[in-house]
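# please work out how this folds:
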Amino acid sequence: MNIKEKLAELNEKGCTLTIQRHAVLEYLYANHTHPTVEEIYYSLKKKFSAISKATVYNTLELLKNYGLIQEITIEKGKLHFDYEVKPHHHFLCHRCNQVYDVDVEGCPLAGKEMIDGHKIEELRPYIIGTCSKCLKKKG
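Just a heads-up that it's a prediction; the model follows:
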């Protein structure tokens, strides 16, 4: 879903589209780096000096609750946010701390609604290792 579709969906759901909400969604659309609240806040603070960290956090929570972004808890005590909501896995490089998208194709649970009589509502497998960039640096 592109940004215009997400903005239209927010509007259809009766959500007031403030400048800050638009800026946060636009930032996530432009930065597929799985940023944290702090990264988003410090980046937007340069353009919107009056924006607060609470506004960024509340906007992210609102966008998550509307299903327009997803929250990633791949690192203990640190939230990352992802513009892409279609099912996919995440890979965390323990050297550079970058989070990468990984396709779920071939995952035995991808596309399933039930497992052993339990309803699957979310699938959040995380993979931790060394990314290709760090492997190249090491080698």
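
# which residues does the closest residue to residue 59 other than its chain neighbours contact?
In space, not counting the residues next to it along the chain, residue 59 is nearest to residue 24; the distance is 4.5 Å by C-beta to C-beta, 6 or more residues apart in numbering. Every residue, glycine included, has its C-beta placed from N, CA and C. In this structure, residue 24 makes contact with 40, 44, 56, 59, 60, 63, judged by C-beta atoms under 8 Å, 6 or more residues apart in numbering.

# rerun at 7 Å
The contact partners of residue 24, by C-beta atoms under 7 Å, 6 or more residues apart in numbering, come to 40, 44, 56, 59, 60.

# highest neighbour count among those?
Neighbour counts for the contacts of residue 24 were taken using other C-beta atoms under 10 Å; the highest belongs to residue 56, which has 26 neighbours.

# what residues does that one make contact with?
24, 37, 40, 41, 44.
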